[in-house]
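1. missing the sequence, but the structure's below:
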Ligand SMILES: [Zn+2]
């Protein structure tokens, strides 16, 4: 794993920054969601493209048994490939277990909206009990351990993490989680607000709006110490979306260092302890 730079060595880019920002610098975390035995070919293409654009490390959000279609720890090729990614500095992050939420009888309008329209039925940790969330988290940690790796973070599918499941994430010893609008330090209790850029490609209208929305968000985050870019394998099946993502990355890395969530967490904690950021 990479080590976070000391605050004095942070590269702050072309413009002088106010003292608070200077201590943290500006970072870009690119995460690839839904890394699994099912998506590996696309993820390999994404990693190659990202590396050629100056993104050598990412946070890889790994699903242990994607839609029940193949466990990572029972696929030796996948296990070896994932271990090689981690050896190159990519961060493994547990991302659900099956990435599926079964529909339940008597669901209200809001639940149906969030779990079917927003996520197409993939919000696995949206409304789990504490016991069931804990069980799946332990299974997930076991699958990663069987691959010879471990994860400091847990990120729920579609960032939908109910209160009971969030409690389970802390109890299971994860250091952090992220929601769409923030990063949570599970050990020290801080919350850092930074909305993730993310594209939606499920329908033509979503593909038309996503570049516009992300461009606006990119501008809004211009001065934030942390810019998050969440990618999904289907993004790479749409050349216009892929090009837009790569062009945003080219703009971002002019004045941001590329890091992982785990390494940024260390930087954040250091900055809080030095009084540069409120917890
Ligand atoms: Zn996902």
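-> Received it, and whenever you're ready, just let me know what you need. Computed from a predicted structure; not experimentally measured.
2. Let me see the contact set for the closest residue to the ion within the stretch 101-250 of the chain.
-> Here the stretch 101-250 of the chain gets closest to the ion at one residue, residue 157, 4.2 Å apart by Cβ to the ion. For glycine as for every other residue, the C-beta is placed from the backbone atoms N, C-alpha and C. By Cβ atoms under 8 Å, 6 or more residues apart in numbering, residue 157 lies in contact with 63, 95, 96, 99, 101, 119, 122, 123, 124, 125.
3. Looks like the third one contacts residue 156 (just checking).
-> Going back to what we said before, that points to residue 96. Yes: taking Cβ atoms under 8 Å as the definition, residue 96 is a contact partner of residue 156 at 6.4 Å.
4. Give the closest residue to the residue of the stretch 101-250 of the chain closest to the ion in space, chain neighbours not counted.
-> Residue nearest to residue 157 in three dimensions, not counting chain neighbours: residue 96, with 4.3 Å by Cβ to Cβ, 6 or more residues apart in numbering.
5. Might you report the residue contacts of residue 268?
-> Residue 268 touches 24, 183, 185, 190, 192, 226, 277, counting by Cβ under 8 Å, 6+ apart.
6. Report the two of those separated the most.
-> By the measure Cβ to Cβ, 24 and 185 form the most distant pair in these, at 14.5 Å.
7. Quick check on these two: which one has the bigger neighbour count.
-> residue 24 (23 against 17; other Cβ atoms under 10 Å).
8. For the more buried one, give me the pLDDT.
-> Residue 24 is assigned 75 on the pLDDT scale.
9. how much space is there between residue 129 and residue 165?
-> Distance from residue 129 to residue 165, counting by Cβ to Cβ, to the nearest Å: 8 Å.
10. One more: residue 70?
-> 24 Å.
11. what is the mean pLDDT for stretch 150-168?
-> Computed over stretch 150-168, the mean pLDDT rounds to 96.
12. how long is stretch 187-204 end to end?
-> End-to-end distance for stretch 187-204: 41 Å, by Cα to Cα, to the nearest Å.
13. Now the common contact residues for residue 96 and residue 156.
-> 124, 125.
14. More neighbours: which of these two?
-> residue 96 (28 against 25).
15. wait, what's in contact with that one?
-> With contact set as Cβ under 8 Å, 6+ apart, residue 96 has these partners: 63, 124, 125, 136, 140, 156, 157.
16. Which of the helices or strands spans the residue nearest to residue 157?
-> For residue 96, there is no host helix or strand (DSSP states H and E).
17. Could you check how far it is from residue 125?
-> For residue 96, the distance to residue 125 - Cβ to Cβ - is 6 Å.
18. Now do the shared contacts for those two.
-> By Cβ under 8 Å, 6+ apart, the residues touching both residue 96 and residue 125 are 136, 156, 157.
19. and this protein, which of its residues are near the ion?
-> With Cβ under 5 Å from the ion as the criterion, the chain meets the ion at residues 33, 34, 157.
20. hey, where'd the helices end up in the stretch 51-200 of the chain?
-> 76-87, 109-112, 130-146, 163-171 (DSSP state H, counting those that start in this stretch).
21. Considering those, which stretch scores lowest in mean pLDDT?
-> Here the lowest mean pLDDT among the helices of the stretch 51-200 of the chain goes to helix 109-112, at a mean of 60.
22. so who does the residue most central in space within the chain touch?
-> Closest residue to the average C-alpha location of the chain: residue 31 at 4.3 Å, with Cα atoms, centre = their mean. Neighbouring residues of residue 31 by Cβ under 8 Å, 6+ apart: 58, 59, 60, 61, 93, 155, 196, 228, 229, 230, 231, 261.
23. Show the model's pLDDT score for it.
-> Residue 31 is given a pLDDT of 98.
24. How many residues are close by the nearest residue to it once chain neighbours are set aside?
-> The spatial neighbour of residue 31 that comes closest, neighbours along the chain excluded (Cβ to Cβ, 6+ apart), is residue 59 at 4.2 Å. By the measure other Cβ under 10 Å, the count of residues near residue 59 is 28.
25. Could you verify my assumption that residue 59 touches residue 30?
-> Yes: here residue 59 lies in contact with residue 30, judged by Cβ under 8 Å, at a distance of 7.4 Å.
26. so how far does stretch 249-258 reach from one end to the other?
-> 10 Å.
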